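> Got a sequence here, can you build the structure:
(chains A and B)
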Amino acid sequence: DVKVTQSSRYLVKRTGEKVFLECVQDMDHENMFWYRQDPGLGLRLIYFSYDVKMKEKGDIPEGYSVSREKKERFSLILESASTNQTSMYLCASRLAANYEQYFGPGTRLTVT
Amino acid sequence: GDSVTQMEGPVTLSEEAFLTINCTYTATGYPSLFWYVQYPGEGLQLLLKATKADDKGSNKGFEATYRKETTSFHLEKGSVQVSDSAVYFCALRAGSNQFYFGTGTSLTVIP
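Prediction:
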């Protein structure tokens, strides 16, 4: 079975802190994604990566950056956390030639 | 741009009731359509998919038919169970990497 893991289920950070969210997949998938999930807004794409060291902006990249140094790992970075970044963050991966995305369990981030 | 609109929730049904969750889409070209399910405390899982017009996706008793003429992909199940309680997301894939998700519909099934 494909497994996508995220480093934390719950995280509380202070405004202005630098925050790292880590995602690891174990199935050699080329593509990886970061979404945020907010009530009434569904899932919105922040960034995706189609291969190592490759990245593209999604719909809401402002305030975020990403890093993909190894194929299995995709990191989301909040350079200076703000309260409006309080949200559920979901990571996903998939084979480039396939339709299905596999999601991690999510990280619920609270910025105070 | 491309988008998905699904019915507002929450939806509460009794066990064995019929379920419909409406989903319509706007897209250029010929998108693939998906339903994902999110159980409490978990990430999203693919429930079913359809890749071209008139295709019917089905899984675990759920069905959805890709209707190009009405730009719809409604999710149905004939007899829901308590274990079906979850949040359901309609989604489309446009282009090679971009997925668009609806806002999600919360379903609660009571015994």
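> Counting neighbours, what do you get for the closest residue in space to residue B:39 that isn't next to it in sequence?
Leaving aside its sequence neighbours, residue B:39 sits nearest to residue B:86 (CB to CB, 6 or more residues apart in numbering or on different chains; 4.8 Å). C-beta coordinates here come from the backbone N, C-alpha and C atoms, glycine included. Neighbouring residues of residue B:86 were enumerated by other CB atoms under 10 Å in any protein chain shown; the total is 21.
> show me the residues around residue B:86 that make contact.
Shown in contact with residue B:86 (CB atoms under 8 Å, 6 or more residues apart in numbering or on different chains): B:37, B:38, B:39, B:40, B:106, B:107.
> okay but the second one is in contact with residue B:87, surely?
Yes - proximity of residue B:38 to residue B:87 meets the contact threshold set by CB atoms under 8 Å, at 4.5 Å.
> ok so, going back, are any of the contacts of residue B:86 buried, and which?
Buried subset of the contacts of residue B:86 (neighbour count, 16 or more other CB atoms under 10 Å in any protein chain shown): B:37, B:38, B:107.
> Just the closest residue of chain A to chain B, please.
Chain B sits closest to residue A:103 of chain A, with a gap of 3.4 Å, by CB to the nearest CB.
> and that residue, what does it touch?
A:4, A:90, A:91, A:92, B:36, B:43, B:44, B:45.
> For residue A:96, I want the exact helix or strand it lies within.
Using DSSP states H and E, residue A:96 is not contained in any helix or strand.
> Skipping adjacent residues, who's closest to it in space?
residue A:30 (4.3 Å).
> which residues touch the residue of chain B found nearest chain A?
Residue of chain B nearest chain A, by CB to the nearest CB: residue B:43 (3.4 Å). Residue B:43 makes contact with A:4, A:90, A:92, A:103, A:104, A:105, A:106, according to CB under 8 Å, 6+ apart.
> how far away is it from residue A:11?
Separation of residue B:43 from residue A:11 (CB to CB, to the nearest Å): 16 Å.
> same deal with residue A:25?
Residue A:25 sits 20 Å away from residue A:11, taking CB to CB as the criterion.
> of those two, who's got more company?
The neighbour count for residue A:25 versus residue A:11, taken as other CB under 10 Å, is higher for residue A:25 (22 against 17).
> Test my guess that the more buried one contacts residue A:6.
No - the criterion here is CB under 8 Å, and residue A:25 misses it with residue A:6 at 10.3 Å.
> need the residues of chain B near chain A, please.
Applying CB under 8 Å from any CB of the partner chain, we find that chain B lies next to chain A at B:32, B:34, B:36, B:41-46, B:49, B:51, B:89, B:93, B:96-99, B:101-104.
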